[in-house]
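Colleague: Have a look at this prediction, sequence included:
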Amino acid sequence: MESAVAQAKAAARDKAVQVVGGVSIAQQLLGAGPVDELHVDIMPVFLGSGFRSFEGSVLKSVEKINVQEVGARTSLRFRMKQ
């Protein structure tokens, strides 16, 4: 994961890098530490048993900066605390 993010940052130069994925990708990125912001879209339908998105330690390291509702979707944006 860290290598992929480093390669994306090098290719992007001074532009932002976004990684799109599910809970597993988000957990890997948060565990590796290269995250500046976290954007979570929540839909009112869950398939299967689902995954625990975030554990307690992650929630203590984020600051909510935006909430937006678009139809049935709620978008949450967090900034990682330094």
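Modeller: Thanks, I have it.
Colleague: Okay, helices next: where are they in the chain?
Modeller: Ranges of helices in the chain, per DSSP state H, are 2-12, 23-32, 56-59.
Colleague: Save those as TSV, and put in mean pLDDT and mean neighbour count too.
Modeller: C-beta here means a position set from N, CA and C on the backbone, and glycine is covered the same way. Listed next are the helices of the chain as TSV, based on pLDDT from 0 to 100; neighbours: other CB atoms under 10 Å:
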stretch	mean pLDDT	mean neighbour count
helix 2-12	89	12
helix 23-32	83	15
helix 56-59	64	10
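Colleague: Nearest to residue 75 among these would be which one?
Modeller: With respect to residue 75, and counting by CB to CB, the nearest of these is helix 23-32 at 14.3 Å.
Colleague: now the angle from the closest one to helix 2-12?
Modeller: Angle between the axes of helix 23-32 and helix 2-12 is 90 degrees (criterion: axes from the mean of the first three to the mean of the last three CA atoms, to 10 degrees).
Colleague: Leaving out chain neighbours, which residue sits closest to the residue most central in space within the chain?
Modeller: For the chain, residue 38 is the residue whose C-alpha lies nearest the centre (CA atoms, centre = their mean; 3.5 Å). Spatial nearest neighbour of residue 38, chain neighbours left out: residue 78 (4.4 Å); criterion: CB to CB, 6 or more residues apart in numbering.
Colleague: now do residue 75
Modeller: With CB to CB, 6+ apart, the residue lying closest to residue 75 is residue 68, at 4.5 Å.
Colleague: Reformat the helices of the chain as a markdown table; add distance to residue 72.
Modeller: What follows is those, written out as a markdown table (distance: least, CB to CB, whole Å):
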| stretch | distance to residue 72 |
| --- | --- |
| helix 2-12 | 31 |
| helix 23-32 | 19 |
| helix 56-59 | 24 |
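Colleague: Tell me which of the ones you listed lies nearest to residue 42.
Modeller: Comparing the helices of the chain by CB to CB, helix 23-32 comes nearest, at 11.8 Å.
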